[in-house]
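> with the input below, show me the fold.
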Amino acid sequence: MSSEVRRLAYPMLVGVIADSILSLISLLAVSRLSKTAVAATGLASYLFLIINAGSMIFTGGVMVVCSQAIGSGRRDILEKAVGETLTIALIVTFVVFASLPLWLKGYLYLVSQGNPEVVEAGYEYTYARLLGLPAILINSVLGAVYRSLDRPWPPSIYSLVSLVVGAILIPSLTLGLFGLQPLGVYGAGLASGVASLSGLFAYLFFPLNVSLRPRLPSTTGLRVLYVGLPIASERIVASLAQNIYINAVARSGTNALAAHNIGITIENLIIQPSFAVSTATLIKTGQGTGRLDENMTNNVLREGVKLATTWMGIATMILIAISPFAGNFFTADADVARLTTIYLVLAAISEIGFGISQAYFGAIRGMGSVWIPFILSSFSVIFLRALPAQLLSIYFGAVGAWVTQNTDMYGRAFLSYVVWKKLGAKKLMKRVY
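Okay, the predicted model is just below:
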């Protein structure tokens, strides 16, 4: 069983690292513009955290339903779940596009503490980047079904194609390379959107022996949304709490915001193994639940925790090692570089706790108890991070806010361990279809 978890996790790791490298390329290009541009795109990135969180209602729901359906041999349920969810994703895309003028500037004004320069730059970047929204939502469904079928490479190739296209277009359109007109933050957003759309072509080369055609939504599609709701809600609550958290950082000014954006972009590249482990444990415990195999789910969880601890221990050492000089690659401002170093050290300390909690959360979701991780994560990110960050930032500035990463991550790891010990696989396993 351990080899199966690793076999799924390694290709997914390639994909999530590719996504993070693309964010890093975007930050490098934008950092050549101004501190305001870095701060603006950093704030905009929190909106995309919310969008990606919302897409988890499709990704999470499809993975849980489909992995359990595969475990029990119900491919008919899998095909209905995928087809109906694709249709719903396309409807959501249209609604978001149509409503943008009503709320986008207000959101940016709120999270930037009313900084007009940051709001304008963030608006340009976000509006252009949202060109890739259809790809984000469609990939959330297709990637989930491929992984549930133990075919993790096509979604990762989607990310690699997006990386290659973005690596060329983002600096070219942002800075005006190869004789092109420099478009600044608008060019960075536009290039990111085009990169997301281009990745969809990867799926054409990896056909499945199941139907992926869109279908009219019915009770199966609603079941997917119901299962995915707490998974998406967990991400949305976390994203909203992160906005409270970033608001606490913003209290310390543009330098702190710029350092936070640089630091979190670097950190996101390093922490991706935890998401790969979480997804792998979800899929394999989902298949085990479909078979009603309690031993399989227990073995998957144990392997997931070991793998997450090892990988995130390495991530901790890497972040600490690069922290003294990493900020200098993105800024010439000595104060921003100094703050980036502090952020990276505090983030590094939290990574093992984060990895352990992700392994537990993935396993519990796959077993069908999807509301438990939502409750634990929401409690932790609100009461152990967002609210303490607001308080500590008053007295200690951005550094006080950054300390709360550790109370959050180790808090959720401890809570998930307690739940597992109290309930066990037998009480947590439930088929969701």
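> C-alpha from now on. contacts and neighbour counts both.
Noted.
> which stretches of the stretch 251-400 of the chain form strands?
Secondary structure of the stretch 251-400 of the chain (DSSP state E, counting those that start in this stretch): no strands located.
> residue 136 is in contact with residue 200, correct?
No: the pair residue 200 and residue 136 fails to qualify as a contact (Cα atoms under 8 Å) at a distance of 9.2 Å.
> now do residue 220 against residue 208, distance only.
Plainly put, residue 220 is 20 Å away from residue 208 if you go by Cα to Cα, to the nearest Å.
> remind me, longest helix of this structure?
Counting by DSSP state H, the longest helix found in the chain is helix 387-428.
> by contact count, what packs against that one?
helix 219-250, helix 294-326, helix 334-366, helix 371-381 (3 or more Cα pairs under 8 Å, 6 or more residues apart in numbering; DSSP states H and E).
> tell me, please, where in this protein the pLDDT is lower than the cut-off.
Along the chain, the parts satisfying pLDDT under 70 run over 1-2.
> and residue 100, how far from residue 272?
30 Å.
> more neighbours, those two?
residue 272 (23 against 12; other Cα atoms under 10 Å).
> just to revisit the earlier point, of residue 220 and residue 208, who's got more company?
Comparing residue 220 with residue 208 by neighbour count (other Cα under 10 Å), the higher total belongs to residue 220, at 20 against 13.
> for the more buried one, which non-adjacent residue is closest in space?
residue 81 (5.7 Å; Cα to Cα, 6 or more residues apart in numbering).
> burial of that neighbour, as a residue count?
33.
> run through the residues that contact it.
62, 65-66, 220-221, 224 (Cα atoms under 8 Å, 6 or more residues apart in numbering).
> reformat these as TSV; add distance to residue 353.
Formatted as TSV, the contacts of residue 81 follow (distance: Cα to Cα, whole Å):
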residue	distance to residue 353
62	27
65	28
66	29
220	36
221	35
224	30
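> just these now: which is nearest residue 406?
residue 62 (31.4 Å; Cα to Cα).
> one step back: so which helix or strand takes in the residue nearest to residue 220?
helix 75-111 (DSSP states H and E).
> kindly format the C-alpha coordinates of stretch 91-102 as PDB.
Output in PDB follows, covering the C-alpha atoms of stretch 91-102 (Å, rounded to 0.1, in the frame of the first residue of the first chain):
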ATOM      1  CA  ILE A  91     -22.500  27.800 -15.400                       C
ATOM      2  CA  VAL A  92     -20.400  29.000 -12.400                       C
ATOM      3  CA  THR A  93     -17.800  30.500 -14.800                       C
ATOM      4  CA  PHE A  94     -20.500  32.600 -16.600                       C
ATOM      5  CA  VAL A  95     -21.900  33.900 -13.300                       C
ATOM      6  CA  VAL A  96     -18.500  35.000 -12.000                       C
ATOM      7  CA  PHE A  97     -17.600  36.800 -15.200                       C
ATOM      8  CA  ALA A  98     -21.000  38.600 -15.300                       C
ATOM      9  CA  SER A  99     -20.700  39.800 -11.700                       C
ATOM     10  CA  LEU A 100     -17.100  41.000 -11.700                       C
ATOM     11  CA  PRO A 101     -17.900  44.800 -12.100                       C
ATOM     12  CA  LEU A 102     -20.100  44.600  -9.000                       C
END
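> list of residues touching it?
So stretch 91-102 is contacted by 133-134, 137 (Cα under 8 Å, 6+ apart).
> quick one: buried residues of it?
By neighbour count with 16 or more other Cα atoms under 10 Å, stretch 91-102 contains the buried residues residue 93.
> and what of stretch 322-340?
For stretch 322-340, by 16+ other Cα under 10 Å, it's 323-324, 326-328, 330-331, 336-340.
> closest one of the residues you listed to residue 153?
Nearest to residue 153 among those, with distances taken as Cα to Cα, is residue 326, at 30.8 Å.
> if we ignore the residues flanking it in sequence, what's nearest the closest one?
Closest to residue 326 by Cα to Cα, 6+ apart is residue 341, at 7.3 Å.
> also residue 143?
residue 155 is the one closest to residue 143 (Cα to Cα, 6+ apart), at 4.9 Å.
> number of residues surrounding residue 84?
22.
> residue 196 now?
26.
> how near is residue 97 to residue 214?
According to Cα to Cα, residue 97 stands 21 Å off from residue 214.
> please disregard the earlier target; I meant residue 183.
Counting by Cα to Cα, the gap from residue 183 to residue 214 is 37 Å.
> can you give me the helices in the stretch 101-250 of the chain?
116-129, 133-148, 153-175, 184-199, 219-250 (DSSP state H, counting those that start in this stretch).
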